[in-house]
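Trainee: I need the structure of the sequence given here:
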Amino acid sequence: MFYQKRLFICFFGLLFFLLLLAVRLFYLQIFQYNFFSQQAKKQTCYLERRESLRGVILDRNNSLLVLSKEVDSCVAWPYLIRNKTEVINHLTYLLGIPTDELKDKLSSSRFFVWLKRKIAPSIATKIKVLHLPGVGLVKESKRFYPEGDLLWHVLGQVNLDNYGLSGIELAYDDLIRGEPVQELKERDGRGQKIANRVTVADEEGKPKNIVLTIDKVIQHIAERELFKTYSATLARKAILIVQEVSTGEILAWVCYPTSSEEEWKRTPELLNNPGISDTFEPGSTFKVIPACFALEENLTTSEEKYFCENGLFKLYGIKIRDHEKRGILTFKQVLAYSSNIGMAKLGLRMNKEKFYQFISNFGFGCVTGLGLAGESPGLLLLNQHQLTLPILCYGQGIGVTAIQLLNAYSAIANQGMLMEPQIVKEIRTRDGKVLRRYTPVPIRRVISERTVSTTTEILEDAVEWGTGIKAKIKGYRVAGKTGTAQKFDPLTKKYSDTKHIASFCGFFPLPQPRIAILIVIDEPQTQDYWGGSLAAPVFARVAEQVIQYLHIPPAEEKYAQIKGTP
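Mentor: Reported below is the predicted structural model:
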């Protein structure tokens with residue numbers, strides 16, 4: 001009986017224990033399922049963060065200008081390296097790192113060190129073969145440029161961590177770079193990685209592709225032709241920009257010189273785009289702006305006569321000179337022959353406040369809205385000196401950027417409508433879906449169509465028989481203006497006799513212009529430094545090839561005859 005009682009107690013005790021166990025298991029598996037499931041995932045799964053490959057940059061015809069690829073970087077875990085001498089002997093030669101520098105890195109107390117980032121595939125292969133303990137390779141992305149240095153200043157550069165430093169790379173960095181990718185990885189009970197993984201990415205955070213307004217073919221033409229003059233004249237800098245007048249879109253943008261990675265890392269200012277960051281006195285290419293003002297305000301006519309003082313005019317104690325000694329010229333001839341004296345006399349008639357407002361309406365003194373970092377607003381100060389307007393009328397006493405000057409000429413070519421210059425055409429997803437398409441942005445009307453007609457006729461004369469004769473294109477009507485400006489020397493506080501800026505800005509084909517081109521040659525080291533000799537021929541060579549490429553028809557026969565000198 002005693003044994004039966006003990007057996008009964010043990011049986012029910014065990015049954016009660018099993019019941020408690022079942023209840024506990026039921027509670028854990030049903031009510032605590034989510035908690036323990038998450039705990040298990042924490043032990044077997046982990047998120048690894050890595051940078052996405054930057055988006056690509058394309059031209060308007062979808063030609064690839066910039067892309068990213070994964071490359072290897074050489075790294076080390078110093079605590080795992082037993083024979084540092086052997087590692088140093090191998091890697092000093094392969095990585096091109098000085099022995100002392102490599103020794104310092106491998107002697108570091110840090111868990112992980114970079115030895116050399118983004119190395120060539122051939123070097124990575126040799127490092128793999130060596131199987132050096134404590135040395136490994138990790139994947140990183142690197143920018144590649146299929147067209148070499150084409151569009152160097154506009155595209156810009158990135159740093160080692162793939163952040164934009166200049167140009168499009170900086171202006172659209174957030175979109176091109178996107179957000180880091182989170183990769184869900186798994187490991188087994190021993191902590192070893194399991195190959196399968198799932199990428200966790202927000203669609204909106206993925207890197208975007210940028211489509212530029214640039215035409216690669218026109219860019220090649222512009223770079224080739226500008227480089228000829230830049231190298232032949234040993235100029236300090238050279239700029240050439242091609243713009244579509246009706247939309248404001250930039251078709252080509254060239255700046256020389258470009259810089260190597262070693263150079264711009266030492267001097268980051270070399271990354272600046274001279275076409276938007278450099279301010280210069282334009283000289284005679286600016287004369288078209290006061291000419292437009294005078295015609296708009298009925299201060300003169302194209303046939304009004306000016307006495308140009310046979311090349312020397314003293315005004316308020318200042319000597320104003322012309323390149324050629326001339327007597328009486330019509331206003332048309334004043335502009336075509338680029339008479340400083342004639343323009344200075346025109347300036348004496350102007351209302352200062354009205355003229356400054358007119359200049360501002362053309363976009364001088366403010367950024368253009370192009371959207372690239374580092375753009376200068378130029379220099380436009382309302383000076384009360386009596387000489388201000390006469391000097392301003394021949395392009396001194398004002399600081400402009402290349403893009404401001406070109407955009408002003410495009411406004412004249414566009415029937416007086418100033419457009420916002422554009423360098424980006426579209427933003428797309430990786431699979432080609434258009435997220436945003438940029439459309440032309442009219443800013444304001446700056447001159448009437450009557451003034452446009454008269455000004456264009458005068459600028460056409462400047463090319464046909466004036467200082468811009470070397471910009472002529474057979475069978476096509478071209479309007480434009482040369483410029484040769486002395487540079488102001490801050491050391492002597494005077495205008496230099498040896499440093500000049502030669503320029504030409506024009507548009508074609510008349511009577512319905514499509515394309516405007518600006519050429520600026522900064523400090524040519526040649527005896528002939530005139531805009532008509534250096535910049536105008538570059539315009540003609542580029543324009544002729546653009547005409548062929550875009551299949552622009554020649555002028556109607558009645559306009560094809562060459563105009564005679566008046």
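Trainee: Give me the sheet partners of the longest strand along the chain and which way each runs.
Mentor: Counting by DSSP state E, the longest strand found in the chain is strand 494-508. According to DSSP bridges, strand 494-508 forms sheet pairs with strand 479-489 (antiparallel), strand 515-522 (antiparallel).
Trainee: Could you say which of the ones you listed is packed most deeply?
Mentor: strand 515-522 (a mean of 28; mean count of other C-beta atoms under 10 Å). Using the backbone N, CA and C atoms, a C-beta is placed for each residue, glycine as well.
Trainee: what angle sits between the helix or strand following that strand and strand 479-489?
Mentor: For strand 515-522, the succeeding helix or strand toward the C-terminus, using DSSP states H and E, is helix 531-550. Between helix 531-550 and strand 479-489, the angle formed by their directions is 130 degrees, by axes from the mean of the first three to the mean of the last three C-alpha atoms, to 10 degrees.
Trainee: How far away from the center of its chain is helix 531-550?
Mentor: 22 Å (C-alpha atoms, centre = their mean, to the nearest Å).
Trainee: buried ones in that helix?
Mentor: 531-547 (16 or more other C-beta atoms under 10 Å).
Trainee: Check stretch 486-504 too.
Mentor: 486-488, 499-504.
Trainee: Same question for stretch 283-303.
Mentor: By neighbour count on 16+ other C-beta under 10 Å, the buried set for stretch 283-303 is 283-296, 299-300, 302.
Trainee: could you dump that stretch to CSV, C-alpha only?
Mentor: Provided in CSV are the C-alpha atoms of stretch 283-303 (Å, rounded to 0.1, in the frame of the first residue of the first chain):
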residue,chain,number,x,y,z
GLY,A,283,36.7,94.3,-73.1
SER,A,284,35.1,94.8,-76.5
THR,A,285,32.8,91.7,-76.4
PHE,A,286,30.9,93.7,-73.8
LYS,A,287,30.3,96.6,-76.1
VAL,A,288,27.1,94.9,-77.5
ILE,A,289,25.4,95.5,-74.1
PRO,A,290,25.7,99.3,-74.0
ALA,A,291,24.9,99.3,-77.8
CYS,A,292,21.6,97.5,-77.0
PHE,A,293,20.8,99.9,-74.3
ALA,A,294,21.5,103.0,-76.5
LEU,A,295,19.3,101.5,-79.3
GLU,A,296,16.6,100.5,-76.8
GLU,A,297,16.5,104.0,-75.2
ASN,A,298,16.7,105.7,-78.6
LEU,A,299,20.0,107.4,-77.6
THR,A,300,21.6,106.6,-81.0
THR,A,301,20.9,105.0,-84.4
SER,A,302,23.1,102.6,-86.4
GLU,A,303,23.9,105.4,-88.9
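Trainee: for it, what is the average pLDDT?
Mentor: Stretch 283-303 shows a mean pLDDT of 96.
Trainee: Quick check: Gln243 touching Ala408?
Mentor: No. Counting by C-beta atoms under 8 Å, Ala408 is not a contact partner of Gln243; they are 10.9 Å apart.
Trainee: Need the residues touching each of those two.
Mentor: Counting by C-beta atoms under 8 Å, 6 or more residues apart in numbering, no residue touches both Gln243 and Ala408.
Trainee: which residues touch Phe358?
Mentor: Applying C-beta under 8 Å, 6+ apart, the residues near Phe358 are 289, 292-293, 296, 446.
Trainee: where does this structure dip in pLDDT?
Mentor: Residue ranges of the chain with pLDDT under 70: 1-5, 28, 31-33, 35-50, 180-204, 384, 556-566.
Trainee: tell me the domain ranges of it?
Mentor: Domain assignment for the chain, taken from automatic domain parsing, gives 49-186+196-212, 216-559.
Trainee: The closest residue to Val242 other than its chain neighbours: how many residues sit nearby?
Mentor: Among residues not flanking Val242 along the chain, Ala252 sits closest, at 4.0 Å (C-beta to C-beta, 6 or more residues apart in numbering). By the criterion of other C-beta atoms under 10 Å, Ala252 has 27 neighbours.
Trainee: and if you look at Ala336?
Mentor: Ala336: 26 neighbours (other C-beta under 10 Å).
Trainee: surely it meets Ile458?
Mentor: Yes. Counting by C-beta under 8 Å, Ile458 is a contact partner of Ala336 at 6.7 Å.
Trainee: Can you tell me how far Gln396 is from Lys216?
Mentor: Gln396 is 38 Å from Lys216, where distance means C-beta to C-beta, to the nearest Å.
Trainee: hang on, the earlier thing: show me the one of the strands paired with strand 494-508 that comes nearest Lys118.
Mentor: Across the strands paired with strand 494-508, Lys118 has its closest neighbour in strand 515-522 (34.3 Å, C-beta to C-beta).
Trainee: Alpha carbons only: can I get the closest one in CSV?
Mentor: Below are the C-alpha coordinates for strand 515-522, written out as CSV (Å, rounded to 0.1, in the frame of the first residue of the first chain):
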residue,chain,number,x,y,z
ILE,A,515,23.9,78.2,-81.7
ALA,A,516,26.1,80.7,-79.7
ILE,A,517,29.8,80.2,-79.0
LEU,A,518,32.2,82.0,-76.7
ILE,A,519,36.0,81.7,-76.8
VAL,A,520,38.2,83.2,-74.2
ILE,A,521,42.0,83.0,-74.4
ASP,A,522,43.6,84.3,-71.1
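Trainee: what separates that strand from the chain centre, distance-wise?
Mentor: Centre-to-centre, strand 515-522 and its host chain are 16 Å apart (C-alpha atoms, centre = their mean).
Trainee: Determine the three-state secondary structure at the residue nearest to the spatial centre of the chain.
Mentor: The centroid of the chain falls nearest to Val154 when counting by C-alpha atoms, centre = their mean (2.4 Å). Three-state call for Val154 (DSSP: H, G, I helix; E, B strand; the rest coil): helix.
Trainee: Pretty sure it sits against Ser166.
Mentor: No. Counting by C-beta under 8 Å, Val154 does not reach Ser166; the two are 9.4 Å apart.
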